[in-house]
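J.: Here is a sequence together with a model predicted from it:
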Amino acid sequence: MTISQNAALQGQASPPSLGPAWLDAPCPVLVADRSGVVRGLNARAAALFPRARSGAGLEGAVPGWLTDAHPRDGGGGAQAVRGTHGGRTLSAHPTPGQDGDVVWWLLDDTERAGAEAALREERRRTAFLSNASTALLASLNVDRCLEVAARMAASHLADAAVVVAAPTGRRGHAVTHGLPSGEVTSTVVDLSPADVPGLDEALRGFPPVPSRWIDPSALPAWAVPDGLPGPVGSVVVTPLPGHGVPAGALILLRRTDHAAFDEGEEILARLFAARAGAAVSAARLYAEQAGITATLMRELLPPRLRRVNGVEFAGGYRPSRVTERVGGDFYDVHPGAGDEQESLAVLGDVCGKGLDAAVLTGKIRSTLHALLPLAADHGQVLKLLNGALLTSHHARFATLVLASVARAGSRVRLRLTSAGHPAPLIVRDAGPVEAAETGGTLVGALPEVGATTATVELAPGETCLLYTDGISEARGGPLGNTEFGEERLRAALAGCAGMPAEAVVERVQMLASEWVGDGRHDDMALLAITAPGAPASAAISGRAPGRRTA
Amino acid sequence: MHSLPDHTFSLATSTDSAGDVSISITGDLDYDTSDELLATAERQLERRPAPRHLRLDCARLAGCDSAGLSILLMIRRRADVTGTRLHLDNRPAALERVLGITGTLAHFTDAPAPDQPAPEQPAPGQP
């Protein structure tokens, strides 16, 4: 009999005359009447139900689930059912026979049931792994990642989970215990990985040893969470693979009264561990980078400036992006020993962005600090600095301005040297804003450098402004892409004579920020050096210093 | 003056019958694009025999920031190694200004070492 004939039989409205064909059906067939008495069965059915006899009742001869499904007098129509018999899964499909008989066609569903169960299990695992990834990647905090890993492993994979983090240089390993209740405890244990079989290997990233090799009774006390009821029956130790180096190891524990880990569970544990390891590792990398950035920021952020030896200094710095507080612009003021001694101010711009630029900036600032005793000769300082920065593998350079500053009576005398940097602007009390007549080569890229030094004197109220091209090249304005430009900068400064250094810096910063608006901009750094006192013009006209502050 | 600057970066390389190479730069030479120019120039300098002249045609160069200048300096260094003479042709005003302020113009044009930069270097922004 084929499936189509079977379907045709089921579709017939009146009870069919079966004839002898069903006796040869390729599946067990059993006919019973409405009082539950077997009316006939084929050889396959007889082999399946050895106790079934024609003329005898179904009870005891066939499984209870089939007896229950058989319709009795007034019991309504028969429905297909499924059940187990002799270790197999059977489905029984009823068709109407003569005089209210029911013909049961029995199909072996064992493999299909197995496949369905496997599919359900696989779906459950996939959902678990997907949830695990989501939960693990939700945080870039290492401790939080370890906690999530321990909690998820305990509630889905075992009766308890222990996450052993790879050592981070300090003594001991961070050990996180997780229980199915969701309870997580973290401790630092000065443990010996050799105490747990397979742990040493797992912490070094080797493939896990089979669970059956591990003797649960040999576990050290730190490896068994306090809240675990009952002794440990089976153990899985699997590595948490990281990026390049292992992130740690995962120990799964199951009680003696629960089934030991099977191969599928060990594989699932490994898949989970791969995700947990990646998350812990990413969090650790992030933490390291955040630490480096914090350290650099502490070292590289521009100093707060103040009045030094009777000269006003003010600085302003706006990094290119709010998130990267360390940039390529820098300034420093190294105070001279006394009023007559020159202070050295420096403002510069290193090429590039981010960490590379920050490292180069640090190098330049330290080198210049060390070269302070030679500051009387700017050319020599630049030559030595250039030599210190030159490397063969890149041409990252810096441009900077050196300004040696000292009081000379009521005036301030400056020696200004530009090394490939926009020349400082001098804000005079009377007359236009001037650019200092200094020029030279950038440092760090060419074998030879040269520069000319300009000597400038500031009368009281006059300012010398050092700036980086982030100011002059800031793009914005009414059309959105116009350079702020040096002309606009000079025009802005023209009204600044008599203003204190800090006010000059604030005014230029404000104008440049307004110009840029919300647009992208490079680092912007400013350093104003001002001779204190009322400008001469104020004394004549009676104007007070700072009156023109916008 | 050249036409409106084109900010889409592209490079066009050509070689003449004498083996001299010309790379035409279009757009902004900056942090994001300069590595591409270095790679292109290095490929040309690695040819054997090395080209006697490497011309960077800057006619359509829209802008050059410090990262761009750094790469130009790097190409010059590489060219020195292979004995190739580097030329920056058709320099627009913006590039001229950057080279002027940073004191590198003489380095690129093979003029004597810039030990007296003041006379030929007017203070920036002045006519």
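T.: Yes, it's here.
J.: From here on, just use CA atoms for contacts and neighbour counts.
T.: OK.
J.: Closest residue of chain A to chain B?
T.: Closest to chain B within chain A is residue A:420: 3.3 Å, counting by C-alpha to the nearest C-alpha.
J.: what's the nearest residue to that residue if we skip its chain neighbours?
T.: residue B:102 (3.3 Å; C-alpha to C-alpha, 6 or more residues apart in numbering or on different chains).
J.: got the contact list for the one you found?
T.: Counting by C-alpha atoms under 8 Å, 6 or more residues apart in numbering or on different chains, residue B:102 touches A:399, A:419-421, A:440-442.
J.: The same query, at a cut-off of 7 Å, please.
T.: A:419-421, A:440-442 (C-alpha atoms under 7 Å, 6 or more residues apart in numbering or on different chains).
J.: go on, residue A:49?
T.: A:61-62.
J.: quick one: it from residue A:64, how far?
T.: 12 Å (C-alpha to C-alpha, to the nearest Å).
J.: and the longest strand for chain B?
T.: Taking DSSP state E as the criterion, chain B has its longest strand at strand B:53-64.
J.: List the buried residues of the longest strand along chain A.
T.: Assignment by DSSP E gives strand A:398-408 as the longest strand of chain A. Buried residues in strand A:398-408, counted by 16 or more other C-alpha atoms under 10 Å in any protein chain shown: A:398-407.
J.: hey, C-alpha coordinates of it in CSV?
T.: Provided in CSV are the C-alpha atoms of strand A:398-408 (Å, rounded to 0.1, in the frame of the first residue of the first chain):
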residue,chain,number,x,y,z
ALA,A,398,56.2,69.5,14.8
THR,A,399,56.0,73.2,14.3
LEU,A,400,56.4,75.4,17.3
VAL,A,401,57.2,78.9,18.5
LEU,A,402,59.8,79.5,21.3
ALA,A,403,59.3,82.7,23.2
SER,A,404,61.8,83.8,25.8
VAL,A,405,60.2,86.5,28.0
ALA,A,406,61.6,88.9,30.6
ARG,A,407,60.6,92.2,32.1
ALA,A,408,62.6,95.2,31.1
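J.: So what touches it?
T.: For strand A:398-408, the surrounding residues in contact (C-alpha under 7 Å, 6+ apart) are A:310-311, A:339-351, A:412-421, A:442-444.
J.: quick one, phi psi at the residue nearest the centre of chain B?
T.: Chain B has residue B:88 as the residue nearest its centroid, 4.4 Å off, counting by C-alpha atoms, centre = their mean. The phi/psi pair for residue B:88 (degrees, to the nearest 10) reads phi -100, psi 100.
J.: before we move on, what about residue B:35?
T.: phi -60, psi -30.
J.: How many neighbouring residues does it have?
T.: Neighbours of residue B:35 under the rule other C-alpha atoms under 10 Å in any protein chain shown: 15.
J.: Just the element for residue A:234, please.
T.: Taking DSSP states H and E as the criterion, the element that holds residue A:234 is strand A:232-240.
J.: which secondary structure elements does that strand contact?
T.: In terms of contacts (3 or more C-alpha pairs under 7 Å, 6 or more residues apart in numbering or on different chains; DSSP states H and E), strand A:232-240 is packed against helix A:199-203, strand A:248-255, helix A:263-300.
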